[in-house]
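Participant: Below are the sequence and a predicted model for it; my questions follow.
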Amino acid sequence: MSIHSNLFTVSDQAFQKFISQPDQPVIIDFWAPWCGPCRAIAPVFERLSDQYQGKLRFARMNIDEHPNAARTLGIQAIPTLVIFHKGNVVERIVGPNPAQLQSVIDRILTKITGPVY
């Protein structure tokens with residue numbers, strides 16, 4: 001198993017601090033271990049965490065162990081990926097859509113920080 005230095009695990013206790021990072025936007029994958037589609041998107045999420053190092057922070061949040069943030073955000077289906085910038089939700093992606101994920105990330109980063117190269 002490889003180590004992804006830009007992929008974090010977030011708890012309910014650390015959630016607000018993590019999403020409020022001023023230097024980079026954050027994407028969180030809300031998932032559960034029993035969710036097949038969540039497991040299917042995990043390798044793509046891991047690869048993208050390496051690719052976007054320094055531009056976007058990546059995290060995973062197990063909703064079985066840490067349900068409060070998902071409840072607060074009204075997440076009703078998993079996987080749900082939410083992009084935050086300075087504590088605010090800027091995009092929400094529901095369901096496993098690996099082909100769309102990178103284009104959504106590029107679009108959001110361009111909107112927030114300028115062109116992605």
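Facilitator: Everything's here; your move. Residues are numbered from 1 along each chain as shown.
Participant: what ranges of this structure fall below the confidence cut-off?
Facilitator: The chain contains residues with pLDDT under 70 at 1-2, 114-117.
Participant: Okay, helices next: where are they in it?
Facilitator: In the chain, the helices defined using DSSP state H lie at 12-19, 36-51, 67-73, 98-113.
Participant: any chance of those helices in JSON lines, with distance to residue 84 and mean neighbour count too?
Facilitator: (Each C-beta comes from the backbone N, C-alpha and C, glycine too.) As requested, those are arranged in JSON lines below (distance: least, C-beta to C-beta, whole Å; neighbours: other C-beta atoms under 10 Å):
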{"stretch": "helix 12-19", "distance to residue 84": "4", "mean neighbour count": "16"}
{"stretch": "helix 36-51", "distance to residue 84": "15", "mean neighbour count": "16"}
{"stretch": "helix 67-73", "distance to residue 84": "10", "mean neighbour count": "16"}
{"stretch": "helix 98-113", "distance to residue 84": "10", "mean neighbour count": "14"}
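Participant: which stretch among those comes nearest residue 89?
Facilitator: helix 67-73 (7.3 Å; C-beta to C-beta).
Participant: For the closest one, what is the distance to the chain centroid?
Facilitator: 14 Å (C-alpha atoms, centre = their mean, to the nearest Å).
Participant: thinking again about what came up before, would you format the helices of the chain as CSV with distance to residue 86 included?
Facilitator: Formatted as CSV, the helices of the chain follow (distance: least, C-beta to C-beta, whole Å):
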stretch, distance to residue 86
helix 12-19, 8
helix 36-51, 20
helix 67-73, 16
helix 98-113, 9
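Participant: nearest to residue 82, of these?
Facilitator: Nearest to residue 82, of these and by C-beta to C-beta, is helix 67-73 at 6.5 Å.
Participant: Having no further points to raise, I will conclude here.
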